[in-house]
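Q: pasted the sequence and its predicted model underneath.
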Amino acid sequence: MAVRAYTADLHIHTVLSGCAEVEMIPPLIVEAAQVAGLDLIAITDHNSCENAQAVVEAARGSGIKVLAGMEVQTVENVHLLCLFDSVDRAELMEELVYSCLPDLPMTSRMIEEQMVVDSEGEFVRFCERPISLPTSLGIGQVWDRVNELGGITIPSHIDRQGTGMCGVLGMIPEEPPFEAFEVSVALSPEAARLRYPTIGGRAIIRNSDAHWLSAIGQSRTVFHIEHRCVRELAMACRKEAGRSVSYA
Amino acid sequence: MLLEQIANNLGLKPANEANSKVEVIAGYASDLLSDVLAKCRSGVLWVTNQKHQNVIGVSVMLSLAGVIIAGGIAPDENTIEKAVEEGVPLYTTELSLYEVVGRLYEMGIPSC
């Protein structure tokens, strides 16, 4: 198979994330992704992947590939995108993340903002775990487990003050050896390289971090890869074997 | 006031053996390292609950007088290693960040 361009938005929330709009249900997310001309999306709710399978099912026959993932909040309060090829792998990550959530009582209002839905967007149940809070996992621990599970870890919106890696930690840490960094819509990849020179030759990607439908695909990255899978994404980030990253 | 005196007064536990005979000109408390980078300067004593190794990186960049990790939080191993390597005075304490800052203020350490 030859390398071709796949347009991706790898940071999309669903109604499972308390901060997302109620319209973020699987069939509407897939439809919005089609309208936006995306080939590849990732479902990345906070500290959970309970709606990933529903979006994978909703996307069947749409031509859109869905990666299962989550946006893990570390003990440093840094947000990390953790992406996997299969829901099974993401669920193994979720197991660790759930065991590291704070043991705090949730108010009914918080719980009612965290909806697990089916592929048609019908309500299934509420997620009663405090998934909107930081875990006790350090950045390195998240990286290690994602690697073990064959996934890829990409620090989210590194330029954001409260939850982005450079906002929280002042600069990119020497370890672990991230292959790619996501920048928020506010910062161009060129400006990011100037502001954070230690990114060096590593990839910068843009995603929407969509919490509502019209945001999907508004910020995107084109991956020049053979297949839409994590391994190929990592190769593109490393510019290996003709793979690369560009922006639409 | 010398960092050594402050450490003694507060009963801080040194995490490494760095030179504590340095003058502290002011104090600052924040867990957002980008905020510290923007506001602090040489000679400032920084109090935080953040335990990541970048705490030391930031301290080196700004030539801070030292760092106190408050609230009984244990620094990451590589944070201590880096503090040793860079010679940044790093302390821990069971006192809460609030109490540390209050007592520093009482001692007459101004805000940076």
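A: Yes, it's here.
Q: could you tell me which residues of chain A lie near chain B?
A: A:76-77, A:138-140, A:161-162, A:166-171, A:173-175 (C-beta under 8 Å from any C-beta of the partner chain). To be clear about C-beta, it is placed using only N, CA and C from the backbone, and glycine gets the same treatment.
Q: ok and the residue in chain B nearest chain A?
A: B:Leu33 (3.1 Å; C-beta to the nearest C-beta).
Q: sorry, back to before: may I ask which of the residues of chain A next to chain B has the most neighbours?
A: Counting by other C-beta atoms under 10 Å in any protein chain shown, A:Cys166 has the largest number of neighbours within the residues of chain A next to chain B, with 28 neighbours.
Q: which element is it on?
A: helix A:165-169 (DSSP states H and E).
Q: quick check: mean pLDDT of that helix?
A: Helix A:165-169 shows a mean pLDDT of 94.
Q: count of neighbours near residue 90?
A: Going with chain A. Neighbour tally, A:Ala90, other C-beta under 10 Å: 29.
Q: switch to chain B, please.
A: 25.
Q: circling back: pretty sure the residue of chain B closest to chain A contacts A:Ile172?
A: No. Judged on C-beta atoms under 8 Å, B:Leu33 makes no contact with A:Ile172 at a distance of 11.3 Å.
Q: neighbour count winner among the two?
A: B:Leu33 (26 against 19).
Q: now do the helix or strand of chain B with the lowest mean pLDDT: which elements does it pack against?
A: None of the helices or strands of chain B scores lower by mean pLDDT, DSSP states H and E than helix B:33-39, at a mean of 91. Applying 3 or more C-beta pairs under 8 Å, 6 or more residues apart in numbering or on different chains; DSSP states H and E, one finds that helix B:33-39 makes contact with helix A:165-169, helix B:54-62.
Q: list the residues that contact the residue lying closest to B:Glu94 once chain neighbours are set aside.
A: Nearest residue to B:Glu94 in three dimensions, chain neighbours excluded: B:Gly72, at 4.5 Å (C-beta to C-beta, 6 or more residues apart in numbering or on different chains). Counting by C-beta atoms under 8 Å, 6 or more residues apart in numbering or on different chains, B:Gly72 touches B:Thr92, B:Thr93, B:Glu94.
Q: give me the buried subset of those.
A: B:Thr92, B:Thr93 (16 or more other C-beta atoms under 10 Å in any protein chain shown).
Q: the contacts of B:Gly72 in helices, which ones?
A: Among those, no member falls in helices (DSSP state H).
Q: check which helix or strand covers the residue nearest to B:Glu94.
A: Counting by DSSP H and E, B:Gly72 is found in no helix or strand.
Q: how close does the residue of chain A found nearest chain B get to B:Gln50?
A: Nearest residue of chain A to chain B (C-beta to the nearest C-beta) works out as A:Gly170 at 3.1 Å. A:Gly170 sits 10 Å away from B:Gln50, going by C-beta to C-beta, to the nearest Å.
Q: next up, identify which helix or strand A:Arg125 is on.
A: Counting by DSSP H and E, A:Arg125 is found in strand A:123-126.
Q: point me to the helix or strand that includes A:His11.
A: Going by DSSP H and E, A:His11 is part of strand A:4-12.
Q: who touches whatever helix or strand comes next after that strand?
A: Moving toward the C-terminus from strand A:4-12, the next helix or strand (DSSP H and E) is helix A:26-35. Contact with helix A:26-35 is made by A:9, A:12, A:14, A:41, A:43, A:51, A:54-55, A:57-59, A:62-64, A:117-121, A:213-214, A:216-217, as judged by C-beta under 8 Å, 6+ apart.
Q: could you flag which of the residues you listed are buried?
A: By 16+ other C-beta under 10 Å, these give A:9, A:12, A:14, A:41, A:43, A:51, A:54-55, A:57-59, A:64, A:117-119, A:121, A:213, A:216-217 as buried.
Q: quick one: mean pLDDT over stretch A:126-135.
A: Mean predicted lDDT for stretch A:126-135 stands at 94.
Q: what's next to that stretch, contact-wise?
A: Residues contacting stretch A:126-135 (C-beta under 8 Å, 6+ apart): A:16-19, A:45-48, A:50, A:72-75, A:77, A:97-98, A:100-102, A:104, A:106, A:110-112, A:114-116.
Q: tell me the contacts of the nearest residue to A:Leu92 once chain neighbours are set aside?
A: Counting by C-beta to C-beta, 6+ apart, A:Leu149 is the residue found nearest to A:Leu92 once chain neighbours are left out, at 5.6 Å. Neighbouring residues of A:Leu149 by C-beta under 8 Å, 6+ apart: A:Phe84, A:Arg89, A:Leu92, A:Met93.
Q: quick check, nearest of those residues to A:His224?
A: Relative to A:His224, the closest of these is A:Phe84; by C-beta to C-beta it sits at 21.4 Å.
Q: in what helix or strand does the residue sitting nearest the centre point of chain B lie?
A: By C-alpha atoms, centre = their mean, chain B has its centre lying nearest to B:Val67, at 1.4 Å. Using DSSP H and E, B:Val67 sits within strand B:66-69.
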